[in-house]
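Visitor: next input, structure requested:
(one chain, ligands or ions: 1)
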Amino acid sequence: MPIQSVNPATGEILEELEAASESEIDHAIAAAHATFQRFRATSFSNRGRWMTQTADVLERRKHELARVVTLEMGKPIKAAVAEIEKCALTCRHYAQHAERFLADEPVKTDATRSFIRFQPLGIVLAVMPWNFPFWQAFRFIAPALMAGNVALLKHASNVPRSALWIERVVEEGGFPKGALTTLLIASGQVGRILEDERVRAVTLTGSEPAGSSVGSTAARAIKKSVLELGGSDPFIVMPSADLEKAVTTGVKARVVNNGQSCIAAKRFILHEAIADRFTARFVESMKALRVGDPLDEKTDVGPLATPQILHDLDRQVRASVAAGARLLTGGKRLSLGRGNFYEPTVLADIPEGAPAYAEETFGPVASLFRVPDIEQAIRLANATPFGLGASVWTSDEAEIDRFIDGIDSGQVFVNAMVASDPRLPFGGVKHSGFGRELGVFGIREFVNVKTIWIDMKKSGGKSELSE
Ligand code: NAP
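Guide: Model (predicted):
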């Protein structure tokens, strides 16, 4: 079946591309394997030069690439430019620091010399989502290639143009052919690629069902996997918070990427002392957002990426309202041509069990909750299967400590929205997945942590631990 690139703002088919045949997939695996045999022996300085040149290509082409992204998945064009810039920054970060992150680590034992060496694994399969088509891929590609691995990229089926551009950008950066290969394939073909002995590991960013399926295949084939899955992040506001800043950041954190971000603030947990004031200002700001053409620089919220996402979000809102939730604004599709537009929406008084209570809402829909104290706030924050990020707003040091200890998530941001940063590890707990991307932890996910023990002592020089 052909793979289509469809403009979500208009419904127009931009391009139909041929999916890779079985023999093309075999050829790509063989080529990647052959490249790895040479690539693993290249120096950090060579890989760093190619990675820096890749950053240069991204920066030089950023407007062109941003347009590809916006046309294909609908994010506002300014956000698409920022996404490409962040990829360039991350390429430079790993070009500069990978050698230090993966330097031999001496460990004192009773060997003459013992140390840890980090070596590449081989071909890593990357299964990626459409929501940040370049960023999701590059935050894996930059550390993986700098570590000496090679990669096969299976991108989401609705962003084939972005997927092909990613391969081209890496090649223009100077990396050898086969270092990063895009495969235009359906999700049903992922299993057989992962089972191939030459493919050593997999990273998947996407939904819980996709993670569970790919993670099981990896486990059966005894292969390393990193899973970056969904989230239903809390955004907690306490009485001592800077309310203006909390409202402005809260709106941004909810509608980032048209509301389709794993770390978007989805559940707003408000201390009752400030709940009315926060709600009034928040609803006003959500109503003021401009929804429309994502190519227009003034647009705040573009279309959802596919008709299915629009349908699912609408169903979650309707079911929540039917269960008793109160609609403070929005709550329906917007008819702007054939685009997948949805009104910025705020729900309150959501009963337990309603979809907006704990499920991930992937669109501009905020769920508001009220709590009497910090313990109730933490209990509610943790009342979800997910554990990706959390944003908490307070100027009380004791509360900050309590939140850091009490929230079950991979990251806690205090008086700021949750965001990824190439210098810091990123990932989740519970159903949000396992493993980390970015920072030093990210580059050490796909390496063989090899223990080296060298004994140069002559016989008679007995070790204490050898008996
Ligand atoms: P998705 O439907 O799970 O798709 C993600 C990728 O997995 C796509 O390439 C998809 O291919 C593939 N896929 C889906 N089912 C599969 C299966 N059974 N076997 C193998 N591959 C499979 O997710 P999405 O709708 O693109 O992305 C949204 C989700 O990703 C949200 O839940 C969001 O929170 C999560 N996300 C998480 C992070 C994070 O860092 N934790 C970041 C961004 C997004 P096809 O497109 O061909 O189906």
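
Visitor: interface residues of the stretch 301-450 of the chain facing the ligand?
Guide: Residues of the stretch 301-450 of the chain lying near the ligand by Cβ under 6 Å from any ligand atom: 360, 362, 388, 428, 432, 433. In this view, the C-beta of every residue, glycine as well, is placed from N, C-alpha and C.

Visitor: what about the helices in the stretch 151-300 of the chain?
Guide: All helices of the stretch 151-300 of the chain, identified by DSSP state H, counting those that start in this stretch, fall at 160-172, 190-195, 208-220, 243-255, 275-287.

Visitor: so of those, which one's packed in deepest?
Guide: Greatest average neighbour count among the helices of the stretch 151-300 of the chain goes to helix 160-172 (a mean of 22), per mean count of other Cβ atoms under 10 Å.

Visitor: what is that helix packed up against?
Guide: Contact analysis of helix 160-172 by 3 or more Cβ pairs under 8 Å, 6 or more residues apart in numbering; DSSP states H and E lists strand 3-6, strand 13-17, helix 44-60, helix 62-73, helix 133-146, strand 150-154, strand 180-182 as its packing neighbours.

Visitor: any chance of these in a markdown table, plus mean pLDDT and mean neighbour count?
Guide: Conversion of the helices and strands packed on helix 160-172 to a markdown table gives the following (pLDDT from 0 to 100; neighbours: other Cβ atoms under 10 Å):
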| stretch | mean pLDDT | mean neighbour count |
| --- | --- | --- |
| strand 3-6 | 95 | 19 |
| strand 13-17 | 96 | 13 |
| helix 44-60 | 98 | 19 |
| helix 62-73 | 98 | 21 |
| helix 133-146 | 98 | 27 |
| strand 150-154 | 98 | 25 |
| strand 180-182 | 98 | 24 |
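
Visitor: want to throw the ones you listed into JSON lines with distance to the ligand?
Guide: Converted to JSON lines, the helices and strands packed on helix 160-172 look like this (distance: least, Cβ to the nearest ligand atom, whole Å):
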{"stretch": "strand 3-6", "distance to the ligand": "8"}
{"stretch": "strand 13-17", "distance to the ligand": "13"}
{"stretch": "helix 44-60", "distance to the ligand": "19"}
{"stretch": "helix 62-73", "distance to the ligand": "10"}
{"stretch": "helix 133-146", "distance to the ligand": "6"}
{"stretch": "strand 150-154", "distance to the ligand": "6"}
{"stretch": "strand 180-182", "distance to the ligand": "12"}
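
Visitor: which one of these lies nearest to residue 292?
Guide: Closest to residue 292 of the helices and strands packed on helix 160-172, according to Cβ to Cβ: helix 62-73, at 12.6 Å.

Visitor: what sits up against the closest one?
Guide: 5-8, 14, 58, 75-77, 80-81, 83-85, 88, 130-131, 133-134, 158-159, 161-162, 165, 169, 294-295, 302, 305 (Cβ atoms under 8 Å, 6 or more residues apart in numbering).

Visitor: go with 7 Å
Guide: With contacts defined as Cβ atoms under 7 Å, 6 or more residues apart in numbering, helix 62-73 is touched by 5, 7-8, 14, 75, 77, 80-81, 83-85, 130, 133-134, 158-159, 161-162, 165, 294-295, 305.

Visitor: how about residue 195, what does it touch?
Guide: With Cβ under 7 Å, 6+ apart, residue 195 has these contacts: 217, 221.

Visitor: now do it against residue 18, distance only.
Guide: According to Cβ to Cβ, to the nearest Å, residue 195 and residue 18 sit 24 Å apart.

Visitor: repeat that for residue 380.
Guide: Per Cβ to Cβ, residue 380 is found 48 Å from residue 18.

Visitor: these two: who's more crowded?
Guide: residue 380 (19 against 11; other Cβ atoms under 10 Å).

Visitor: that one belongs to a helix?
Guide: Yes. The assignment for residue 380 (DSSP: H, G, I helix; E, B strand; the rest coil) places it in a helix.

Visitor: quick one: residues contacting it.
Guide: 269, 369, 371.

Visitor: and the residue of the stretch 201-350 of the chain closest to the ligand?
Guide: Closest to the ligand within the stretch 201-350 of the chain is residue 206: 2.6 Å, counting by Cβ to the nearest ligand atom.

Visitor: what sits closest to that residue if chain neighbours are left out?
Guide: Distances taken as Cβ to Cβ, 6 or more residues apart in numbering place residue 129 nearest to residue 206, at 4.6 Å, with adjacent residues excluded.

Visitor: off-centre distance for stretch 238-246?
Guide: Computed by Cα atoms, centre = their mean, to the nearest Å, the chain-centroid distance of stretch 238-246 equals 28 Å.

Visitor: interface residues of the stretch 51-200 of the chain facing the ligand?
Guide: Within the stretch 51-200 of the chain, the positions near the ligand by Cβ under 6 Å from any ligand atom are 127-131, 136, 154-157, 186-187, 190.

Visitor: one step back: format the helices and strands packed on helix 160-172 as TSV; extra columns: distance to residue 103.
Guide: As requested, the helices and strands packed on helix 160-172 are exported to TSV (distance: least, Cβ to Cβ, whole Å):
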stretch	distance to residue 103
strand 3-6	42
strand 13-17	42
helix 44-60	9
helix 62-73	32
helix 133-146	13
strand 150-154	22
strand 180-182	24
